[in-house]
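1. model this:
(2 chains)
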Amino acid sequence: MSAPLDDPPVSGDSGTPMVLAESVYKNFGRLEVLRGINLKVARGEVMCIIGPSGGGKSTMLRCINHLEKIDGGRLWVDGELVGYRQHRGKLYELRDREVCAKRAEIGMVFQRFNLFPHMTALQNVIEAPIHVKGVPRAEASELASQLLERAGLKEKVHAYPNQLSGGQQQRVAIARALAMKPKLMLFDEPTSALDPELVGEVLDVMRDLARSGMTMVVVTHEMGFAREVGDTLVFMDQGLVVETGRPRDVLGNPHHERTRAFLSKVL
Amino acid sequence: MAAAVVLVLIAMFVHSLVTNPRFEWGVVGSYFLSRRVLDGLEITILLTVVCMAIGIVLGVILAVMRLSANPLLSGASWVYIWFFRGTPVLVQLLVWYNVAALYPRVSLGVPFGPSFVHGNANSLITALTAAILGLGLNEGAYMAEIVRAGILSVEHGQVEAAQALGMTRALTMRRIILPQAMRVIIPPTGNETISMLKTSSLASVITVTELLYAVQLIYSVNFQTIPLLIVASLWYLIATSVLTVGQYYVERHFARGSARELPPTPLQRLRKNLLTFHSGLPTPRAEPPAEEPR
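-> The predicted structure is shown next:
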């Protein structure tokens, strides 16, 4: 990371992209997972990322909220560098506390839900607002109840995760992320671990969210969802963005051979 | 056949308990609730509680250090555990009891700088404090491994979920990891507590009048050795039984969220059976409500 910096985008400006990746590299040991990713997610945009497994989709998502450190390139969220601070043209790694403060503004939903099993649905949702943001308990509970109700879980607020179906757990997980009032939501294959008949209820919640104007990056295998809800579709393979475009175009008329080969297998 | 052999052996044992006059059950009875024995029991319980508390706190700190990315912290923890597990606790007790020979003066102050409080080690480290230090610090090493196993048992996805919500490492440890690790930590900790109750009898060698030393003092005068050892054993058995019941309820508390519905406790089962018995009607299969959400 020694190249001189371009003018970084300015935070909070409505013209600033929510996510901007410039030639992002990531290695796990000798394995190159990301090999120069360029991405731009505008405010309010819903970007769906598809591609074969091992292509770097999840890793890219995890780099955006700094669960993984990038090894090269530049990555901005809302105009601010991810994981680094820039001072007189030099980059300094952020401290744990600063990284946490940034992560608190980005919601993430995992393939395996990762709800806290020792807490009820409501406790899961109020945990971070109370302990990270310092929201008063009553206020946090109020918001949590609203979010859970919106996700169709009014009856389940006091249930523990393993008393819930996979679809219900994932909806709690979405409510938990939304309780932090994030400016960006990341979805890492949110329906891949679900029984087929439960996929719909989770996608419904996500569709609602997209309609409300939330900026979303969704790694998914649900082509129907990508086509209907996504503003942009990105096809990633072998650590590279192979093709980007409107979902209808990419799915209907792929330009690249690899995209075509992948789609012929999954559609 | 095997059952018959066991039955005969039990019968022989019970027979000897009753007929062998040297058991001196009368003496057992007269000392069972004596002041000196109860005082000893009190010290034993005090030692167990305090040393386990020290052990648990130290264990958590050492386990977190051991899992730290900082090599100095994890190394220090490793050496601590290596040392305290590698030397007999009896030796450690004796060393603490005689620590004044090594450091005659103890002071509190700025490291390598001025000190504010001085003390004579001999008067500061009494037999009881030596026992507490010896047993507690030793326990810390064992608890560290138990806590570490508990922390490692928590799925990594939990840490990621907490991080993604913006929780710091310390907060994640306190709110997410440790409460879940408890399920794995509690059973062996119960074991350790029961073990500590009995290990505290080693403090008798450094003249702490806990239960064992209390009865030793009595039988050294009246020579009723066996009856008094029976008195001590009975109290140890009673105390372990109480701890076992306590462990059951603590485990239950930390099992919340792990089973769809907690099974009734023996007490609840008993109450239900009694009710059924009295009314003659089967009670509806109403289970106790799951623990109140806190």
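
2. residue ranges with poor pLDDT in chain A?
-> Low-confidence regions of chain A, defined by pLDDT under 70, span residues A:1-14.

3. And the helices in it?
-> For chain A, applying DSSP state H gives helices covering A:57-64, A:96-103, A:121-131, A:137-150, A:166-178, A:196-211, A:223-229, A:247-252, A:257-266.

4. Give the other helices and strands that the third one contacts.
-> When contacts are defined as 3 or more C-beta pairs under 8 Å, 6 or more residues apart in numbering or on different chains; DSSP states H and E, helix A:121-131 packs onto helix A:137-150, helix A:166-178. Where C-beta positions appear, they are placed from N, C-alpha and C, glycine not excepted.

5. Enumerate every residue touching residue A:191.
-> Contacts for residue A:191 (C-beta atoms under 8 Å, 6 or more residues apart in numbering or on different chains) come out as A:170, A:198, A:199, A:202, A:203, A:220, A:221, A:222.

6. for the residue in chain A positioned nearest to chain B, what are its contacts?
-> Going by C-beta to the nearest C-beta, chain B is nearest to residue A:104 of chain A, at 2.7 Å. Counting by C-beta under 8 Å, 6+ apart, residue A:104 makes contact with A:128, A:132, A:133, A:180, B:165, B:166.

7. switch the cut-off to 10 Å
-> Residue A:104 makes contacts with A:65, A:128, A:129, A:132, A:133, A:180, A:181, A:182, B:164, B:165, B:166, B:167, as judged by C-beta atoms under 10 Å, 6 or more residues apart in numbering or on different chains.

8. from those residues, which is closest to residue B:29?
-> The closest of these to residue B:29 turns out to be residue B:167 (C-beta to C-beta; 58.6 Å).

9. how about the nearest residue to residue B:158 once chain neighbours are set aside, what does it touch?
-> Spatially, and ignoring its direct neighbours in sequence, residue B:158 is nearest to residue B:176 (5.6 Å; C-beta to C-beta, 6 or more residues apart in numbering or on different chains). For residue B:176, the contact set (C-beta under 10 Å, 6+ apart) comprises A:116-119, A:127, A:131, B:154, B:158-159, B:161-163, B:165, B:167.

10. three-state assignment of residue B:176?
-> The local conformation at residue B:176, judged by DSSP: H, G, I helix; E, B strand; the rest coil, is helix.

11. do residue B:166 as well
-> coil.

12. And for it, the neighbour number?
-> The number of residues packed near residue B:166 is 24, by other C-beta atoms under 10 Å in any protein chain shown.

13. show me the contacts for residue A:105.
-> The contact partners of residue A:105, taken as C-beta under 10 Å, 6+ apart, are A:65, A:77, A:78, A:80, A:180, A:181, A:182, A:183, A:184, B:166.

14. Do I have it right that the fourth one meets residue A:102?
-> So the one you mean is residue A:80. Yes - between residue A:80 and residue A:102 a contact is recorded at 7.2 Å, counting by C-beta atoms under 10 Å.

15. joint contacts of these two?
-> residue A:94.

16. Drop anything exposed from the contacts of residue A:105.
-> For the contacts of residue A:105, a burial check counting by 16 or more other C-beta atoms under 10 Å in any protein chain shown picks out A:65, A:77, A:78, A:80, A:180, A:182, A:184, B:166.

17. which among those residues gets closest to residue A:237?
-> Within these, proximity to residue A:237 (C-beta to C-beta) peaks at residue A:65, which comes in at 22.9 Å.

18. Just want the residue of chain B that's nearest chain A.
-> Residue of chain B nearest chain A, by C-beta to the nearest C-beta: residue B:166 (2.7 Å).

19. need the contact list for that residue.
-> Taking C-beta under 10 Å, 6+ apart, we find residue B:166 in contact with A:65, A:97, A:99-107, A:128, A:131-133, A:180, A:182.

20. Mind giving me the ChimeraX select for these, buried ones only?
-> Those of the contacts of residue B:166 that count as buried under 16+ other C-beta under 10 Å are selected in ChimeraX with:
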select /A:65,99,100,102,103,104,105,106,107,128,131,132,180,182
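
21. How about the residue of chain B closest to chain A, nearest residue that isn't a chain neighbour?
-> Excluding its sequence neighbours, the residue lying closest to residue B:166 (C-beta to C-beta, 6+ apart) is residue A:104, at 2.7 Å.

22. next one: residue A:199
-> The spatial neighbour of residue A:199 that comes closest, neighbours along the chain excluded (C-beta to C-beta, 6+ apart), is residue A:191 at 4.5 Å.

23. circling back to that earlier point, which of the helices of chain A is buried the deepest?
-> helix A:166-178 (a mean of 25; mean count of other C-beta atoms under 10 Å in any protein chain shown).

24. which helices and strands sit right next to it?
-> Helix A:166-178 makes packing contacts with strand A:106-109, helix A:121-131, helix A:137-150, strand A:184-188, helix A:196-211, helix B:156-164 when contacts are defined by 3 or more C-beta pairs under 10 Å, 6 or more residues apart in numbering or on different chains; DSSP states H and E.

25. center of chain A, which residue is that?
-> In chain A, the residue lying closest to the centroid (C-alpha atoms, centre = their mean) is residue A:186, at 1.0 Å.

26. Please apply the same query to chain B.
-> With the centre of chain B defined as its mean C-alpha position, the nearest residue by C-alpha atoms, centre = their mean is residue B:193, 1.4 Å away.

27. residue ranges of the strands in the stretch 101-250 of chain B, please?
-> B:105-109, B:115-120 (DSSP state E, counting those that start in this stretch).

28. Export those as a markdown table, with columns for mean neighbour count and distance to chain A.
-> Formatted as a markdown table, these follow (neighbours: other C-beta atoms under 10 Å in any protein chain shown; distance: least, C-beta to the nearest C-beta, whole Å):
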| stretch | mean neighbour count | distance to chain A |
| --- | --- | --- |
| strand B:105-109 | 12 | 32 |
| strand B:115-120 | 10 | 33 |
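
29. Arrange these in TSV, one row each, with mean pLDDT and distance to residue A:240 as further columns.
-> Shown next, in TSV, are the strands of the stretch 101-250 of chain B (pLDDT from 0 to 100; distance: least, C-beta to C-beta, whole Å):
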stretch	mean pLDDT	distance to residue A:240
strand B:105-109	77	62
strand B:115-120	76	65
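
30. TSV for these, including distance to residue B:182?
-> As requested, the strands of the stretch 101-250 of chain B are arranged in TSV below (distance: least, C-beta to C-beta, whole Å):
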stretch	distance to residue B:182
strand B:105-109	34
strand B:115-120	37
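
31. residues contacting residue 174?
-> Reading this off chain A. Residues near residue A:174 by C-beta under 10 Å, 6+ apart: A:107, A:109, A:113, A:125, A:147-148, A:150-151, A:185, A:187, A:190, A:202, A:205-206, A:208-209.

32. oops, chain B please
-> Applying C-beta under 10 Å, 6+ apart, the residues near residue B:174 are A:131, B:167, B:168.

33. related to what we said a few turns ago, among the buried ones among the contacts of residue A:105, which ones are in strands?
-> Among those, DSSP state E puts A:77, A:80, A:184 in strands.

34. The first one contacts residue A:43, doesn't it?
-> The reference is to residue A:77. No - Residue A:77 is not in contact with residue A:43 according to C-beta under 10 Å; the separation is 11.6 Å.

35. returning to what we had before: let me know the distance separating the residue nearest to residue A:199 from residue A:204.
-> As judged by C-beta to C-beta, to the nearest Å, residue A:191 and residue A:204 stand 11 Å apart.
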